[in-house]
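A.B. asks: can you look at this prediction? I've put the sequence above it.
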Amino acid sequence: MVTAESVYAALGVRRVINAADTYTDLGGARLPDEVAAAMLAGSRHQVDIRELLARSGEHLAAATRNPAALVVNGAAAAVAVTVAAAGGGLAARHATPAHVLRERGAEVIVLCSQRNPYDAGIELAGARIRQVGYSDSLPRHELTAAIGENTIAIMWFAGTQFERYSPPLSDLAALAREHGIPLIVDAAAQFPPVENLWRYREEGASLVFFSGGKGLKGPQASGLILGESEWVAACALNSYPNHGTGRGMKTSKENILGLVAAVDRALELDWEAQYAAWTGRLEDTAARLRVLPWLDTRIDPAGRQGQACPRLFLSWPASACAATASELAAHLAALPVSIRIDANEADARTALINPYSLLDGELHLVTEALISALTSLRENHA
C-alpha cells in the first residue's frame, strides 16, 4: 500500500514538519482532503483545456466577487502573463512574445521600496523594470514623471513588508487609470483573510493574482488571476495553451480542479473559529515552553506579510543561550524528521512558529524538539 511515508521513503526523502510558512521550497501548502479528491477524480477523464479554463474562470470569478478569473501555473507565472497582457493591450488578437516587448522598450513601474526576487517575472515577459522612488519613500512627482510612452503597467506588491513605504493602492490606481495602463497587484501570499480576494480590485487594481499553493491550500503548481474582464481575457490570450510567454507555464486539468476545490473550501471555512483554534494551540505551546524560564514567548497576531494567522514569537538572551536563530533552525532541520521554523533574523536570537501548515499533533512534536534543541545548544555553548 502506498502511503505518504512510503512514497518518500522509497526515494530516501525525509518527512518535513513545516512550522515555518507555506514556502515553495517546502512544497507549499498541504492539500486538504477535498482538494486532493477533486484532483484524483479529474485525472480519470480528458477534457478540452480551453473549455475547462473558461468554465473554471466563470466559477471562480463569481465565487470571489470579481468580473473574471483565470487559473495559471502559479503566482510567478502570473507576473509574466499579466505583463505580457499589459504589453499587448486590450486590442491584441494574439499573444505578445517577449521579444516584441524588448524591441519596444516596454517598461513596468515598480517602487524601489517593493523590489524583490519575484519581480524578475517582469523581465521574463520581455519588459524592463522602471524603478521609482527610494527604499523608504516615493515622492509623487517622481512617480508621475516616470510614466512615459513606453510604460505598459504599474506593478504593486501587497503585504506588510512591501506596503510600508508605498502610497495607498487607490492613489496608484487613479494614476494608472489617468494614463490608460493597468495596475497589477501581486498578492501571492495575501490569504487569509478571505476579503483580500476582492478587496484589491475594489480599491482599483485592474489585475490581482494569488498563489494557489499558499494560503488557499490548493495545488502548488497553480495560481489565480482575478480582475477586470478585458484584462483577464488578455491574460488568457498570453497564457497556456496558447503560444506565447505563458505557453511553458502550463498547469494540469487536475491542478485547475484542485484550485477550484481549494477556493470553494476557503470561502466556506469558519475563519474566526480557525484563528481561535490556532491561537489556543500556540498558547498551549507557550505554556509548555515555560520549562525554559529564560525563553520569552509572545503571540504575534499576524503572518509575515500581515496574513490573518497568528504566530508564536520566541526570543532568548545571549546570556542564557548563546546559540543564534540560524543555529537553532539548522539543528531542527537536521533531525530525522526535519522540523522547519522561521529563523526571522538569522544572526539574532528570535524565531517564529507558524501553525498554518501543521497537522493535529505536529505542534506537540515541534514543542518537544524545541525544548530539546535549545537545552542542547545552551549546554554546547556553555
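C.D. replies: Yep, that arrived. Residues are numbered from 1 along each chain as shown.

A.B. asks: tell me which residues of the host helix or strand of residue 326 are tucked away?
C.D. replies: Element membership for residue 326, per DSSP states H and E: helix 325-333. Judged by neighbour count (16 or more other Cβ atoms under 10 Å), helix 325-333 contains these buried residues: 325, 327, 328, 329, 331, 332. Where you see a C-beta, it was placed from the backbone N, CA and C, and this is true even at glycine.

A.B. asks: what segments of the stretch 101-250 of the chain are strands?
C.D. replies: Assigned by DSSP state E, counting those that start in this stretch, the stretch 101-250 of the chain shows strands spanning 107-111, 128-132, 151-157, 183-186, 207-211, 223-227.

A.B. asks: relative to residue 194, which of these is closest?
C.D. replies: strand 207-211 (11.4 Å; Cβ to Cβ).

A.B. asks: and that closest one, which strands flank it?
C.D. replies: Strand pairing for strand 207-211, using DSSP bridges, gives strand 183-186 (parallel), strand 223-227 (antiparallel).

A.B. asks: okay, these in TSV with mean neighbour count and mean pLDDT next?
C.D. replies: Putting the strands paired with strand 207-211 into TSV (neighbours: other Cβ atoms under 10 Å; pLDDT from 0 to 100) gives the following:
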stretch	mean neighbour count	mean pLDDT
strand 183-186	29	98
strand 223-227	29	98
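
A.B. asks: please convert the ones you listed to CSV, extending it with distance to residue 166.
C.D. replies: Formatted as CSV, the strands paired with strand 207-211 follow (distance: least, Cβ to Cβ, whole Å):
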stretch, distance to residue 166
strand 183-186, 11
strand 223-227, 19
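
A.B. asks: what angle separates the host helix or strand of residue 377 from helix 325-333?
C.D. replies: Element membership for residue 377 (DSSP H and E) is helix 362-381. Direction vectors for helix 362-381 and helix 325-333, defined by axes from the mean of the first three to the mean of the last three Cα atoms, to 10 degrees, enclose an angle of 120 degrees.

A.B. asks: please report how far the nearest residue to residue 318 once chain neighbours are set aside lies from residue 266.
C.D. replies: Once flanking residues are discounted, residue 318 sits nearest to residue 349: 6.3 Å by Cβ to Cβ, 6 or more residues apart in numbering. Separation of residue 349 from residue 266 (Cβ to Cβ, to the nearest Å) stands at 36 Å.

A.B. asks: same question, residue 72
C.D. replies: In terms of Cβ to Cβ, residue 72 sits 18 Å off from residue 266.

A.B. asks: between these two, point out the one with more neighbours.
C.D. replies: residue 72 (32 against 21; other Cβ atoms under 10 Å).

A.B. asks: tell me which residues touch that one, please.
C.D. replies: 78, 81, 209, 222-225, 235, 239-240, 246, 249, 251 (Cβ atoms under 8 Å, 6 or more residues apart in numbering).

A.B. asks: contact partners for the residue nearest to it when sequence neighbours are not counted?
C.D. replies: Spatial nearest neighbour of residue 72, chain neighbours left out: residue 223 (4.6 Å); criterion: Cβ to Cβ, 6+ apart. Counting by Cβ under 8 Å, 6+ apart, residue 223 touches 71-78, 188, 209-212.

A.B. asks: nearest to residue 144, out of those: which one, please.
C.D. replies: Of all the contacts of residue 223, residue 209 has the smallest distance to residue 144: 25.9 Å, by Cβ to Cβ.
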